[in-house]
Structures are given as structure tokens and as C-alpha cells.
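>>> let's see this in three dimensions:
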Amino acid sequence: MLQKGDKAPDFKLESTEVKVVSLKDFKGKNVVLYFYPKDNTPGCTTEACSFRDNIDAFSEKDTVILGVSPDKIASHHKFIDKQGLNFPLLSDPEHVAAEAYGAWGEKSMFGKKYMGIIRSTFVIDKTGKIVEAFYKVKVKGHTEEVLANLV
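I've put the predicted structure just below:
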């Protein structure tokens, strides 16, 4: 698990805005990198819409939002269109970035264990250092918690 002060792992992922992006592309800006399990599901929609609704507050703090899930870009485009999202979504089907950030692991539902995305958010400063790492995120109130960690 990553901690405050750690260097944020770089990644190269397909984006809904351009072909492929990496963390390096956002050097000089703060980044909120959040991992979520699946497009158009209740918790993920609530989380994405909360970031959407607070985009101006993030912009004022020179911060970009990047959402990451294993879903394909086509699914991400449908999610963006349906919810009016105003930030890019990244596709991590091989969960390479999720593993690098500790956001991939064993989960349990109805007594069945499986591997999947652990809802996690990382606040990364303009130099690429982790300002805060949130694991096993509870959606309600999370956006405000993230904003409070931005300088």
C-alpha cells in the first residue's frame, strides 16, 4: 500500500480523451487518481457524480481528476455520456495500474471470494508525490475529504 510521501507509480493507460496517458503528462498539476470497480453501478456512479459536481473546486486548486476502472473505453464513453462527467476515465483492463497502487486485491461478496478493484483514491502533488492515499473508500463524504487534502 502506498503512503503519504511515496513517489506515485507512473502508468500508461488508454484514456477517453486521448489515446494513451501517463502520470507524467500531468506534471505541474495536482492529480486525484481514483480507482473504482465498474461503470454505471450505484456506488461508482455516486462517486463519479460527486467529483463531477465539485470540478470547479478541484480546478481552483489546479487539480485534475482521473477515474480508473478495468472497463473498456467504449463503456467509459457511455458512462461519461449518461452521467455528464467532465473529467477523463482511464481503462486498466489488465489492472496493472491498480496493482501498482495497491487498489487490486481480494474481495468478498455473498461469501464468495474474488479478485477486483478496491475502491481507492490517491491525491498526488505537482511533483508526483502522494499527498494522501485512501483505501477502501466509503463514497459518502469522500469528495470533501479529498478536497481537504489539496493545498
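
>>> now do the same contact list for the nearest residue to residue 22 once chain neighbours are set aside.
Spatial nearest neighbour of residue 22, chain neighbours left out: residue 12 (4.8 Å); criterion: C-beta to C-beta, 6 or more residues apart in numbering. Glycine gets a C-beta too; all of them are placed from N, C-alpha and C. Residue 12 makes contacts with 20, 21, 22, as judged by C-beta atoms under 8 Å, 6 or more residues apart in numbering.

>>> before we move on, what about residue 97?
For residue 97, the contact set (C-beta under 8 Å, 6+ apart) comprises 9, 11, 13, 35, 68, 90, 103.

>>> follow-up on the earlier one: the contacts of residue 12 in strands, which ones?
The members of the contacts of residue 12 that map onto strands under DSSP state E are 20, 21, 22.

>>> and residue 48, how many neighbours?
Neighbour count for residue 48, taken as other C-beta atoms under 10 Å: 25.

>>> in the helix or strand hosting it, what counts as buried?
Using DSSP states H and E, residue 48 falls within helix 42-53. Neighbour counts over helix 42-53 (16 or more other C-beta atoms under 10 Å) mark 44, 45, 47, 48, 50, 51, 52 as buried.

>>> that one packs against which elements?
strand 30-35, strand 63-69, helix 73-83, helix 142-148 (3 or more C-beta pairs under 8 Å, 6 or more residues apart in numbering; DSSP states H and E).

>>> redo those as TSV? Include distance to residue 126, mean neighbour count and mean pLDDT.
Compiled in TSV, these are given as follows (distance: least, C-beta to C-beta, whole Å; neighbours: other C-beta atoms under 10 Å; pLDDT from 0 to 100):
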stretch	distance to residue 126	mean neighbour count	mean pLDDT
strand 30-35	6	24	98
strand 63-69	9	23	98
helix 73-83	26	15	97
helix 142-148	16	17	95
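
>>> which one of the ones you listed lies nearest to residue 133?
Taking C-beta to C-beta, strand 30-35 is the member of the helices and strands packed on helix 42-53 nearest to residue 133, at 10.0 Å.
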